[in-house]
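Colleague: pasting the sequence and the predicted coordinates here, then a few questions.
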Amino acid sequence: MKKNLKIGLFGYGVVGQGVYEILTQNKTFGAEVVKICVKDRKKRRNLPESHFTFEKNDILLNPEIDLIIEVINHADEAFDIITTALKNGKKVVTANKKMLAEHLAELVKLQQEQNVSLLYEGSSCGSIPIIRNLEEYYDNELLYSIRGIFNSSSNYILSKVYNENVDFDIALKKAQDLGFAETDPTLDLAGYDALFKLVIIAAHAYGVFVKPEEVLNAGIMNFSRFDMQFAKEKGYKIKLISTVRKVGDDKVAMFVLPEFVTEDRQLYNVEYEYNAVVVEAAFSDKQFFQGKGAGGHPTGSAIFSDISANMYDYKYGYKKHYQENKLSYTTDLPIEIYLRYYEEHNLNQFQFEKITERYYGKDFSYVIGTIKISNLLKIKDYLNTADIQVINTGKLNDI
Ligand SMILES: NC(=O)c1ccc[n+]([C@@H]2O[C@H](COP(=O)([O-])OP(=O)(O)OC[C@H]3O[C@@H](n4cnc5c(N)ncnc54)[C@H](OP(=O)(O)O)[C@@H]3O)[C@@H](O)[C@H]2O)c1
């Protein structure tokens, strides 16, 4: 039976304001924001002062409030708010992927001990309803892989650079001005944001709870015009792609890497702030979801759907995690990469199993070869900081 809900909102930034607007525009929905907790006492707000508090316990200890929406921009503080709320028997909706990915196993345990719901559709791919689909629709499907564009800022930047010849730094600034980018750009550009979403999605798709530091993520921190030139000459686009896929009968591999995408792939035409998810499964075959991956209203729409689900007492079941014969996580998977570099000593870090192409030029050099994910994982900090660029050729991705 549908229930009315009294809501305490943490955070009134891009997403907080988006959710608030959606809730106030849906007057007959049956949910009311009782209080909004924010941080900065000096900031000017577009609502009367009486709506706000700076004291978290005004919400967490208020017996009238039954649901917390947590959309602040700080993972540790969010974890503290959420665990306190769950322990106090309050339902929680959050979009904080970093906090979720870092604490998923303990949060699942806590919500089950307390028998309250923690929903987070807005944490992964904005408006695309992927988590609830994995939970409810694909719960018994044999999934081959989930792949996609999970980070709006890097996709926006790559689209601007590729389609409009805009400088990388100008494209980044524009993504920040439009509210797509995380406060710390490394989270987007080094693939961390995409990694956190992948960790969450993998938990629902395959039942594996893997810590973010155990997963390879390399992004476009050192992207250069030479990489773009290489891709354009071959007719490829470059997209930052998150992959989780079954390996053999009992293992699952996952990684975030930029990838060359050919024109015949659905991800080729996913541009700017759009995200996309491709689900490949044994019986339903290939399915493609596309939608806005960031911004107040798209993310707010996913949160709104979670609030609505709470009115019917919906909880995630984590069915694939609790089933027998669970899959285990592996990094023992070869992929083929393009490695662009300027100085030969950069190559010493890489243990290629096979090299298929080499180019030495006066401006830049590259090598294309096969390498294990486990080798790249060992040097993931190096991949994101040295003046090199790794791009998955995608040639060994097909299963
Ligand atoms: N932006 C997106 O498109 C998007 C999409 C999906 C998920 N997310 C996630 O949603 C969350 C919020 O993102 P955002 O872009 O809305 O951030 P934002 O625009 O920077 O807003 C953050 C809000 O959090 C408040 N805040 C920070 N620390 C707080 C604390 N300890 N207690 C109470 N309030 C606190 C800030 O207060 P003040 O107003 O006082 O500064 C501000 O209102 C993040 O976890 C982000 O990863 C964002």
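Modeller: Structure received. Residues are numbered from 1 along each chain as shown.

Colleague: residues contacting the closest residue to the ligand within the chain?
Modeller: With C-beta to the nearest ligand atom, the shortest gap between the chain and the ligand falls at Gly13, namely 1.8 Å. For the C-beta atoms, the positions are set from N, CA and C on the backbone; glycine is no exception. Applying C-beta atoms under 8 Å, 6 or more residues apart in numbering, one finds that Gly13 lies in contact with Val71, Ile72, Asn73.

Colleague: tabulate those (CSV), appending distance to the ligand.
Modeller: What follows is the contacts of Gly13, written out as CSV (distance: C-beta to the nearest ligand atom, whole Å):
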residue, distance to the ligand
Val71, 4
Ile72, 4
Asn73, 4
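
Colleague: minimum pLDDT in those, which residue is that?
Modeller: Across those, the smallest pLDDT goes to Asn73, namely 93.

Colleague: could you give the number of residues near Gly11?
Modeller: Neighbour count of Gly11, defined by other C-beta atoms under 10 Å: 24.

Colleague: pLDDT at it, what is it?
Modeller: Listed pLDDT for Gly11 reads 98.

Colleague: surely it meets Val33?
Modeller: No: counting by C-beta atoms under 8 Å, Val33 is not a contact partner of Gly11; they are 12.0 Å apart.

Colleague: grab the nearest non-local neighbour of Lys354.
Modeller: Take Lys354 and drop its neighbours on the chain: the residue closest to it by C-beta to C-beta, 6 or more residues apart in numbering is Thr370, 4.5 Å away.

Colleague: ok, the one you found touching Phe350?
Modeller: No: with contacts defined as C-beta under 8 Å, Thr370 does not count as touching Phe350, sitting 10.8 Å away.

Colleague: more neighbours, those two?
Modeller: More neighbours surround Phe350 than the other of Thr370 and Phe350, with 20 against 16 (other C-beta under 10 Å).

Colleague: residue contacts, that one?
Modeller: Shown in contact with Phe350 (C-beta under 8 Å, 6+ apart): Leu339, Ile371, Asn375, Ile379.

Colleague: ok, Thr262 next?
Modeller: Gly235, Tyr236, Tyr268, Gly394.

Colleague: before we move on, what about Lys35?
Modeller: Counting by C-beta under 8 Å, 6+ apart, Lys35 touches Gly8, Leu9, His51, Phe52, Thr53, Asp58, Ile59, Asn62, Ile65.

Colleague: ok, now with 6 Å
Modeller: For Lys35, the contacting residues are Gly8, Thr53, Asp58, Ile59, by C-beta atoms under 6 Å, 6 or more residues apart in numbering.

Colleague: quick one, what contacts the second one?
Modeller: Looking back up the chat, that one is Thr53. Thr53 makes contact with Lys35, Cys37 under the criterion C-beta under 6 Å, 6+ apart.

Colleague: what do you get for the third one?
Modeller: Neighbour list for Asp58: Lys35 [criterion: C-beta under 6 Å, 6+ apart].

Colleague: that one sits in which helix or strand?
Modeller: Remark: Asp58 resides in helix 57-60, with elements defined by DSSP states H and E.

Colleague: quick check: closest non-adjacent residue to Leu383.
Modeller: In space, Leu383 is closest to Ala218, 4.0 Å off (C-beta to C-beta, 6+ apart).

Colleague: and for that neighbour, the neighbour number?
Modeller: Ala218 has 28 neighbours, counted by other C-beta under 10 Å.

Colleague: can you count the residues close to Phe352?
Modeller: Neighbours of Phe352 (other C-beta under 10 Å): 17.

Colleague: that one touches Ile368, doesn't it?
Modeller: No: taking contacts as C-beta atoms under 6 Å, Phe352 lies outside contact range of Ile368: 9.4 Å.

Colleague: returning to that earlier point: the contacts of Gly13 in strands, which ones?
Modeller: Using DSSP state E, no member of the contacts of Gly13 falls in strands.

Colleague: okay, helices next: where are they in the protein?
Modeller: Applying DSSP state H to the chain gives helices spanning 14-25, 57-60, 75-87, 97-114, 130-132, 152-164, 168-177, 185-189, 192-206, 225-234, 296-311, 319-322, 373-378, 380-385.

Colleague: out of the ones you listed, deepest packed?
Modeller: Ranked by mean neighbour count, those are led by helix 192-206 with a mean of 27 (mean count of other C-beta atoms under 10 Å).

Colleague: and the residue at minimal distance from the centre of the chain, what's its pLDDT?
Modeller: Geometric centre of the chain, nearest residue: Lys197, 2.7 Å, by C-alpha atoms, centre = their mean. On the pLDDT scale, Lys197 is placed at 98.

Colleague: correct me, but it touches Lys98?
Modeller: No: no contact is recorded between Lys197 and Lys98 when judged using C-beta under 6 Å, the distance being 9.9 Å.

Colleague: list, one by one, the residues from this protein near the ligand.
Modeller: For the chain, the residues found near the ligand under the criterion C-beta under 6 Å from any ligand atom are 10-16, 37-40, 43, 71-74, 77, 95-97, 122-123, 126, 179-180, 183, 294-295, 299.
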